[in-house]
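**Q** Sequence plus the predicted model coming up.
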Amino acid sequence: MTALLIENPTNAEVTCPHLLQFLETWQSIKAAEGLPRRRHFTFRLLKDYLPDIAIMDVDKKTGRFLVSLVGTRYTEMLGREMTGMYVDEMPHTEEMLKRCQRLVEMGQPYFATRNPLNWAGKDYKSYSTLGVPLYGDDETVSKILFCVSFETMPHSVSHAL
């Protein structure tokens, strides 16, 4: 099983119902408001997603990504608390950094699926994630909002990774 990355996914390409619903929420805000901003994503709107989300702040001066919020299921599955950490301070995040940088440059969502969690000591798990840009007052991407779905991998596949 290899990871799959889809930039600016269509609804038909997002195979996880939970993440598809999240994408549709982002799309509806974009259609109604223009650029989706953090203020559009209230806790009431996110209540069904809170355990599965993470928010990264984009530090425009340094180009780094600071994890500012992590849901409880996210933390439980990774086995560590990431709030307050820069992504480049965490091990095995090279691909995530590339995806985040690309999202900031393009200003478009991405869907990544079948990502193994073997680096977190959970080689029996994989995850899918949807990352969407949130814009600041200067109309550039200032935050990235992620929603994840964790899956158990088939036994034969997990040992092949």
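**A** Yep, it's here.
**Q** Next SSE downstream of the helix or strand where residue 57 lies?
**A** Using DSSP states H and E, residue 57 sits within strand 53-59. Counting by DSSP H and E, the next helix or strand C-terminal to strand 53-59 is strand 64-70.
**Q** Let's test this: mean pLDDT of the helix or strand that comes right after that next one, rounded?
**A** Downstream of strand 64-70, the first helix or strand assigned by DSSP H and E is helix 72-78. Mean pLDDT, helix 72-78: 82.
**Q** go on, stretch 41-48?
**A** Stretch 41-48 comes out at a mean pLDDT of 92.
**Q** Would you mind listing the buried residues in that stretch?
**A** 41, 46 (16 or more other Cβ atoms under 10 Å). Every residue, glycine included, has its C-beta placed from N, CA and C.
**Q** Just the C-alphas of that stretch, formatted as CSV.
**A** The C-alpha trace of stretch 41-48 is given here as CSV (Å, rounded to 0.1, in the frame of the first residue of the first chain):
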residue,chain,number,x,y,z
PHE,A,41,-14.6,27.7,11.3
THR,A,42,-16.3,28.2,14.6
PHE,A,43,-16.3,25.5,17.3
ARG,A,44,-20.0,24.9,16.6
LEU,A,45,-19.2,24.3,12.9
LEU,A,46,-16.3,22.0,13.8
LYS,A,47,-18.0,20.1,16.7
ASP,A,48,-18.2,16.9,14.7
